[in-house]
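Trainee: A predicted structure for the sequence below; I have some questions about it.
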Amino acid sequence: MARRSGFSAQTLSVLASLEPDPATWRHGYLLARETGLRSGTLYPILIRLAERGLVEACWEDGQPAGRPRRHLYRLSSEGLAAARAALAAQAPLKHPRSAAAGRAGRRRMAGEGA
Amino acid sequence: MDRFTRILAGLLGHCAGLLPAARRDWAEAVLAEAGEIPSGVARVAWLGGGLWLVTRGVLMRVMRVLAFAAGAAGVVWAGWPGSSSNSAVPLNRVYVVVSVVALAVLPAVVRRYYGLVRSGWGPLAARVGGYAMVLALIAAKAVKDRLGSKLGAYFAIVPGQWVLQIVLLLLIVGYVAGLLILTSQRRVQLARWTLPIVTGLGAVTGGVLYALEPFGATADPSSPSLQWWWLGVALPLVTGFLAARLSARDTRPAALGPVQQGALAASCALAAAALLLAALTSVTIALLPQHVPAQAPAANNGACQTCDPVRTVIPPGLRHEYQAEITIGQAGTLPMVSLLIAPFLGAWLGVLGGGLARRSFGASRRAAGGPDAISPPPPGHLMASDADREQVIGTLTAAFAQGRLTKEELDLRAGQAFAARTCAELAALTAGLPAGLTRTQPVRQPARAQPRQPADKAVAWCAWGLITPALFMAGNALIPGPTPANNEPAGKIISLIVVVYFITWLVIGAQMLGTWHQQRSRPGGGRHLAEPIPPAAGE
């Protein structure tokens, strides 16, 4: 199933966490928490998606107080369509499991943070 | 731990500068985020991931540079040396210098206009393989030419040969540029599997022709690979047809039209075949010069074929050596000539193949998401196709992106669209949404909207071009004798007709290109701009 849409399971989890609210920009750490992926896995995926024009990336406007500027990501319109198609193809089988994996990942990251 | 984190962060910041500019942002993003991560193991792991990202990028870059340096050193080692009496040496040095410089500089130039190499192993393997092939070709050609003109005094290089060699060199550089552009991110848009399929077919053809005659075809008509000349015609026709056929499934807005895809794909296929054939043949001749079959007639009475045969006589002691050298020097000429014509022949016949596909499959292309399937709206009782469903989902997605639908509404309606059986059910889903939403399925101009499309004209022009070789072959077949076209009066008339026809054909083609260029530079004149969107079904 993962091959059918042309995306790996990890890429699908990134798409799944970007897809629900496509207008919002998200930063990498948020995505890492949501998907449970480590930075060494997440960023190559984001780079690939950005180079295929599926993800838009930009630096945060203005200098926020107390932290460096964030690099932000969201799906492009092409990416949104691709993500929806891939997730729809995945939905009947994979969704419950990947959602569980996502939750587990989030819990793990939260635990590390505590 | 804090100190370790700081060291890691410093290392990451420094190493990010080693990445190409387009990738630097990503490493800096990891660094910027690190501050928000709770310090301790999580932050170290985060920074470690970033460092891994940078290391991988830098290593890939270093490996590519080292591999190219090794290849370039090999070419210089093989192509540069030679005694000053060898007539091939000056040309070899020009080849070595120009090719190494061009191959080193071209990626940077292409990157500037077309972006980095596409991600995935396919484009990278194509680049590495293409570079290896071109470097091997240049090195082997240099060795072969040197072996073939040791008796430099008897191998005068006439100015015409210099011109031909420089054109060939520029064309090889053009092959490399084409390879780099086609494997870049902002490449010309071909359907997804077109390039691997057609270059694969081209490579197989080149391999077959090489296997038939590893030392290259001779001008002798009974030569085995000349019996397979039709492969060179069939390959572009088939790949052009195939590419146009594959383009029917490609609905991205930037994609080229089917005939253009056919032309480009066939050109690539034939170019790949020619490059592989020329590289393999040259390497074989350079490695096994003593096994090259004799192609030139024996030097009777010491006549010099490569200098003035009347005045210059080869001394008896050198005749055997001269014969061997002329054999090596002339071997592999046809594969080299095929390099010169392959891209153009491919594009020409590819247009014909693409036109053929468009003619025979136009109907199915329209059904597979073409605009004719959308406007006029299909009658409600018709059973819906997958293309209809995708179109409706595209409209819904666009409506959601604009905030016209909520997430729940979108999910619900998309689910209903998947389940819809008839067009009426589909129409109900987009009812109430405005016309003119940006659909994710792009719209191509209807094939019949204009009385005569540029693509049709191109196909017709390419078809008329078939008359030139037909006339030429007819002339050769009708008039007996070894060189009929030059000696007989009838032959002269036919060759005159062929030349006049060919020039007229070229002029018409140039005029056609000029007209297209004017249309394209006018705003809104381009064929592939986003079209106004027809009203959604049901409105």
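Mentor: Good, I have the coordinates. Numbers count the residues shown, from 1 in each chain, chains lettered A, B, ... in the order given.
Trainee: Correct me if wrong: B:Leu334 contacts B:Glu213.
Mentor: No: B:Leu334 is beyond contact range of B:Glu213, at 9.1 Å (criterion: C-beta atoms under 8 Å). For every residue, glycine as well, the C-beta is placed using N, CA and C.
Trainee: Would you check that B:Leu339 makes contact with B:Leu170?
Mentor: No: B:Leu339 is beyond contact range of B:Leu170, at 11.3 Å (criterion: C-beta under 8 Å).
Trainee: of those two, who's got more company?
Mentor: Neighbour totals were compared for B:Leu339 and B:Leu170, and B:Leu339 leads with 19 against 11 (other C-beta atoms under 10 Å in any protein chain shown).
Trainee: That one: which element?
Mentor: B:Leu339 belongs to helix B:333-367 when assigned by DSSP states H and E.
Trainee: What's the first helix or strand after that helix?
Mentor: That would be, after helix B:333-367 and using DSSP H and E, helix B:386-401.
Trainee: got the angle for that next one vs helix B:333-367?
Mentor: Helix B:386-401 runs at 80 degrees relative to helix B:333-367, counting by axes from the mean of the first three to the mean of the last three C-alpha atoms, to 10 degrees.
Trainee: Show me what counts as buried in helix B:386-401.
Mentor: For helix B:386-401, the neighbour count (16 or more other C-beta atoms under 10 Å in any protein chain shown) marks B:387-401 as buried.
Trainee: What mean pLDDT does it get?
Mentor: Mean pLDDT, helix B:386-401: 77.
Trainee: Please apply the same query to stretch B:511-528.
Mentor: 66.
Trainee: and what of stretch B:107-116?
Mentor: On average, stretch B:107-116 scores 88.
Trainee: Identify the residues contacting it?
Mentor: Here stretch B:107-116 makes contact (C-beta atoms under 8 Å, 6 or more residues apart in numbering or on different chains) with A:51, B:20, B:22-23, B:177, B:180-181, B:184-187.
Trainee: 7 Å - rerun?
Mentor: Contacts to stretch B:107-116, defined as C-beta atoms under 7 Å, 6 or more residues apart in numbering or on different chains, come from residues A:51, B:20, B:22, B:177, B:180-181, B:184-187.
Trainee: can you check stretch B:183-197 too?
Mentor: A:51, B:110, B:114-118, B:122-123, B:126-127, B:181-182, B:242-243, B:246-247, B:249-250, B:252, B:254-256, B:261, B:264-265, B:268.
Trainee: Next, residue 6: secondary structure please.
Mentor: Let's take chain A. Judged by DSSP: H, G, I helix; E, B strand; the rest coil, the three-state class of A:Gly6 is coil.
Trainee: circling back: among the contacts of stretch B:107-116, which one is most surrounded by other residues?
Mentor: B:Leu180 (24 neighbours).
Trainee: For it, what is the enclosing helix or strand?
Mentor: helix B:159-182.
Trainee: Kindly format the C-alpha coordinates of that helix as CSV.
Mentor: Taking Å, rounded to 0.1, in the frame of the first residue of the first chain, the C-alpha atoms of helix B:159-182 are listed here in CSV:
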residue,chain,number,x,y,z
PRO,B,159,40.4,22.3,-42.4
GLY,B,160,37.0,20.7,-43.1
GLN,B,161,37.8,17.9,-40.7
TRP,B,162,38.6,20.4,-38.0
VAL,B,163,35.2,22.0,-38.5
LEU,B,164,33.5,18.6,-38.3
GLN,B,165,35.4,17.7,-35.1
ILE,B,166,34.6,20.9,-33.4
VAL,B,167,30.9,20.5,-34.3
LEU,B,168,31.1,17.0,-32.8
LEU,B,169,32.7,18.3,-29.7
LEU,B,170,30.1,21.0,-29.2
LEU,B,171,27.4,18.4,-29.8
ILE,B,172,28.9,16.1,-27.1
VAL,B,173,28.8,19.1,-24.7
GLY,B,174,25.2,19.6,-25.8
TYR,B,175,24.4,15.9,-24.9
VAL,B,176,25.8,16.5,-21.4
ALA,B,177,23.7,19.8,-21.0
GLY,B,178,20.6,17.9,-22.1
LEU,B,179,21.3,15.1,-19.6
LEU,B,180,21.7,17.7,-16.8
ILE,B,181,18.6,19.6,-17.7
LEU,B,182,16.4,16.6,-17.9
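Trainee: Off-centre distance for that helix?
Mentor: 14 Å (C-alpha atoms, centre = their mean, to the nearest Å).
Trainee: Low-confidence ranges, chain A, go.
Mentor: Counting by pLDDT under 70, chain A has low-confidence residues at A:1-5, A:92-114.
Trainee: Kindly report the residues of it close to chain B.
Mentor: A:20, A:22, A:27-29, A:38-40, A:43-44, A:47-48, A:51, A:67-71, A:77, A:80-81, A:84, A:112-113 (C-beta under 7 Å from any C-beta of the partner chain).
Trainee: all strands of chain A, in order?
Mentor: A:26-27, A:55-59, A:71-75 (DSSP state E).
Trainee: Switch these over to JSON lines; also include distance to A:Gly6 and mean neighbour count.
Mentor: Output for these, formatted as JSON lines (distance: least, C-beta to C-beta, whole Å; neighbours: other C-beta atoms under 10 Å in any protein chain shown):
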{"stretch": "strand A:26-27", "distance to A:Gly6": "23", "mean neighbour count": "16"}
{"stretch": "strand A:55-59", "distance to A:Gly6": "15", "mean neighbour count": "16"}
{"stretch": "strand A:71-75", "distance to A:Gly6": "16", "mean neighbour count": "21"}
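Trainee: Tell me which of the ones you listed approaches B:Lys141 most closely.
Mentor: The closest of those to B:Lys141 is strand A:55-59. By C-beta to C-beta, the value is 45.0 Å.
Trainee: how about the residues of the stretch 1-150 of chain B near chain A?
Mentor: So far as C-beta under 7 Å from any C-beta goes, the stretch 1-150 of chain B lies against chain A at B:25-26, B:29-30, B:32-33, B:35-38, B:41-42, B:45-46, B:48-50, B:52-53, B:116, B:119.
Trainee: The helix holding B:Leu180 - what's its average pLDDT?
Mentor: 90.
Trainee: got the angle between that helix and helix B:333-367?
Mentor: Using the same axes, to 10 degrees: helix B:159-182 against helix B:333-367 is 30 degrees.
Trainee: any idea of the angle the helix or strand just after helix B:159-182 forms with helix B:333-367?
Mentor: On the C-terminal side of helix B:159-182, the closest following helix or strand by DSSP H and E is helix B:194-212. In terms of direction (the same axes, to 10 degrees), helix B:194-212 departs from helix B:333-367 by 150 degrees.
Trainee: That concludes my questions; thank you for your assistance.
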